[in-house]
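J.: Need coordinates for the below:
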Amino acid sequence: MKCPNCHHEQTGKYECEACGIIFQKYLSRQEKNNEANAPATSDNKTSFSSSNQGKSMAAIWIVGIIGILLGVTSSYFFFAKHDQKPSQIIQHEITTEKSEIKQIKAPKKKRLPKINQSSSFGLAGQIESTYPAGNIIEKARNATVFIKAPWGSGSGFFIDDKCHIITNRHVVEYDHEKLASQKEQLADLKEFIYLEEKNIQDIRQYLHQNNNIQNRKYYEKALEAKQKQMDKAKSKHDEMASKLSTIEKSSSWSDIKVILIDGSEQYVSSVQISPNLDLALITIMGDNSPFLRPASSSLLQQGTKLLTIGNPMGLRHTVTAGIFSGYRKHKDNLYIQTDAPINPGNSGGPLIFENGAVVGVNTMIMQQTEGIGFAIPIESVFQEFILPGR
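T.: Okay, the predicted model is just below:
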């Protein structure tokens, strides 16, 4: 709209942003002035001489025409302000209401970061060409990876465009205490098999030497049960022995595979392990990786909607949802509690806001429960690792 006083162009129709006049009051005042000036002009014509009467009448007509034009202009501006269609007014109210809600949820000073990256080349371009993202969550999905190790699998996500991936330590490094415990279990199992084989041999010998004994059927059933039990123990022993042998022979990261959403496998160039938390930083070969921007965990409020992205039970790049349940401490470390499912295979994956910003690293669940999972706040990542440009 153009201000009738200073001619300033603006979108507002109530008050001029430049000179401060109220349009309706200004136009009404102009209209009244025009009405007041018209009679005065008419009265002044009596003082003119008869020879100038024609000129006076012409001047009166000109003033009258100007007054009419000003009145029409005033009416145009007044009605233009109020003559909006109902749908337009409602839409404006809805838009205003939404913007107010956003300010409450995410104040301007703490606005969550959004993903903004050129995906025309590198890994981002490669992924975008086969898995174009239809929304912000699918963009976050494209920045999540599947990690496969000799001892299991997990998830991870790119934290920058330089191909740095965040995951859990237990995904890329087998727990030494767990390894020692499993070796003890294997030794116990081996001893159990040895004793059971001896028992089976004794029963067979007893049955062979005593063909006419009473309760023969009882001993035969006992022998059959022990044989089945020992077969299961042997199978478990062989499986455990093979797994532990693979773990011990594998290097710290050369046997780890990073698989992108398009199925391509990437070579791991380095792995850094956090000495304090269940975190690891993987670097792969490549450039311009899609990535998740971090968001401060201080923005979390109980009930805030959160999503997890990961590979539960091998179901790659699965998205699940839940809420922020609260903060918890475990061994002096702070964790984010959520009921968003953190199933086996989700370890190391991102816990994100609805706008795709990552707030935590999915880490563990409380055993023998449902809907109680924990994530490491994203701030801890930058405390544990030095990343270029941070």
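J.: Please state the mean pLDDT value computed over the helix or strand where residue 140 lies.
T.: Using DSSP states H and E, residue 140 falls within helix 136-142. In this model, helix 136-142 has an average pLDDT of 96.
J.: who's in contact with that helix?
T.: Outside of helix 136-142, the residues within contact range by Cβ atoms under 8 Å, 6 or more residues apart in numbering are 114-115, 124, 127-128, 131, 133, 157, 261, 290, 292, 307, 309, 317, 319, 350, 352, 354-356, 358. Where C-beta positions appear, they are placed from N, C-alpha and C, glycine not excepted.
J.: Do a quick rundown of the strands in the stretch 51-200 of the chain.
T.: 144-149, 152-158, 164-167 (DSSP state E, counting those that start in this stretch).
J.: need the helix or strand of this protein with the lowest average pLDDT.
T.: Within the chain, no helix or strand scores below helix 86-105, which has a mean of 29 by mean pLDDT, DSSP states H and E.
J.: Can you list the buried residues in the top strand by length along the chain?
T.: Counting by DSSP state E, the longest strand found in the chain is strand 318-330. Neighbour-count burial for strand 318-330 flags 318, 320, 322, 323, 324, 325 (criterion: 16 or more other Cβ atoms under 10 Å).
J.: what's the answer for stretch 279-297, then?
T.: Quick answer for stretch 279-297 (16+ other Cβ under 10 Å): 279-284, 286, 288-295, 297.
J.: chain center to that stretch, what's the gap?
T.: 14 Å (Cα atoms, centre = their mean, to the nearest Å).
J.: Let me see the mean pLDDT of that stretch.
T.: Mean per-residue pLDDT for stretch 279-297: 94.
J.: Extract the CA atoms of that stretch and return them as PDB.
T.: What follows is stretch 279-297, C-alpha atoms only, in PDB (Å, rounded to 0.1, in the frame of the first residue of the first chain):
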ATOM      1  CA  LEU A 279      31.300 -43.300  21.900                       C
ATOM      2  CA  ALA A 280      33.400 -43.700  18.800                       C
ATOM      3  CA  LEU A 281      34.300 -41.600  15.800                       C
ATOM      4  CA  ILE A 282      34.700 -43.300  12.400                       C
ATOM      5  CA  THR A 283      36.300 -41.700   9.400                       C
ATOM      6  CA  ILE A 284      35.600 -43.100   5.900                       C
ATOM      7  CA  MET A 285      37.000 -42.300   2.500                       C
ATOM      8  CA  GLY A 286      35.000 -39.800   0.500                       C
ATOM      9  CA  ASP A 287      33.800 -36.200   0.600                       C
ATOM     10  CA  ASN A 288      30.600 -34.100   1.000                       C
ATOM     11  CA  SER A 289      28.800 -36.600   3.100                       C
ATOM     12  CA  PRO A 290      25.200 -35.900   4.100                       C
ATOM     13  CA  PHE A 291      25.100 -35.000   7.800                       C
ATOM     14  CA  LEU A 292      23.000 -34.100  10.800                       C
ATOM     15  CA  ARG A 293      23.300 -30.800  12.500                       C
ATOM     16  CA  PRO A 294      23.500 -30.900  16.300                       C
ATOM     17  CA  ALA A 295      20.800 -29.300  18.600                       C
ATOM     18  CA  SER A 296      21.300 -28.400  22.300                       C
ATOM     19  CA  SER A 297      19.800 -30.900  24.700                       C
END
